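>>> can you look at this prediction? I've put the sequence above it.
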Amino acid sequence: MSFLTDKYHKLKQELDAKGITLVAVSKTKSVAEIQEAYNAGQRDFGENYVQELVEKYEALPKDIRWHFIGHLQSNKVKYIAPFVHLIHGVDSEKLLSEINKQGQKFDRPIPCLLQVHIAAEETKFGLDKAELGAIIDKIAAGNGPVFAEVSGLMGMASFTEDNDLIKKEFRELKQLFDDCKARLSTINYPFPILSMGMSADYGFAIEAGSTMVRIGSLLFGSRIRK
């Protein structure tokens, strides 16, 4: 098995001590590998593909907290709505509306994060500051979604060796998070999660104030790309 138990426990202890949630990115990994991670104590797993997530949900223990961390198409929300623990990448009001619709259909709030575009690359998805502000204003005014439970922000830094740029982008996202949290505190709206940081840059993300990191290759080894 490729799951490195010793490395996992060391990292988990480090993150637990700081109150940071570890999401083990298990996309393309087998049910057996995820089961091994589960047996080691991991409960939060992140998947990028809807069909793969549904298949793994059906095959694995039901107390796993499944995170959808990829780009989610509105027409596929219905497949994960009954069980998903957290949707990380809400990058449009259209998607937020569909999550709300499906949450109402299945009579369960669906926690989700607003994805903000902070990276230099144009290929990354995410809301710009104006779009983010518009959604936060609606929530603060009491006009936000009821079944799509907006719980925080998510962002991905540029894929670069320029550490100063990565740190800058994480700091900017943390500032946006703090601004949103302050805006929503006026209505006592909980906004606890800042999901940023992956295997290559999670240290910088933690320094900037991340509360949740998404780590795959550092734990499972290199992925086979689809």
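That came in fine, so what should we check first?

>>> in the protein, which helix has the most residues?
Scanning the chain for the longest helix, with DSSP state H as the assignment, gives helix 163-185.

>>> quick one: the helices in this structure, in order.
Under DSSP H, the chain gives helices at 5-17, 31-39, 50-59, 77-80, 93-105, 129-140, 163-185, 202-208, 217-220.

>>> mean neighbour count for the ones you listed - can I get that in a markdown table?
Just so you know, the C-beta spots here come from the backbone N, C-alpha and C atoms, and that holds for glycine as well. Shown next, in a markdown table, are those (neighbours: other C-beta atoms under 10 Å):
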| stretch | mean neighbour count |
| --- | --- |
| helix 5-17 | 13 |
| helix 31-39 | 17 |
| helix 50-59 | 16 |
| helix 77-80 | 19 |
| helix 93-105 | 19 |
| helix 129-140 | 15 |
| helix 163-185 | 17 |
| helix 202-208 | 19 |
| helix 217-220 | 20 |
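
>>> just to revisit the earlier point, off-centre distance for the longest helix of the chain?
Taking C-alpha atoms, centre = their mean, to the nearest Å, the mean C-alpha location of helix 163-185 is offset from the chain mean by 16 Å.

>>> packing partners of that helix?
Under the contact criterion of 3 or more C-beta pairs under 8 Å, 6 or more residues apart in numbering; DSSP states H and E, helix 163-185 touches helix 129-140, strand 148-154, strand 193-195, helix 202-208.

>>> tell me which of the ones you listed lies nearest to residue 75.
Nearest to residue 75 among the helices and strands packed on helix 163-185 is strand 148-154; the distance by C-beta to C-beta comes to 15.9 Å.

>>> how much space separates the residue nearest to residue 145 when sequence neighbours are not counted from residue 86?
Excluding the flanking residues, the one nearest residue 145 by C-beta to C-beta, 6 or more residues apart in numbering is residue 100, at 3.7 Å. According to C-beta to C-beta, to the nearest Å, residue 100 stands 15 Å off from residue 86.
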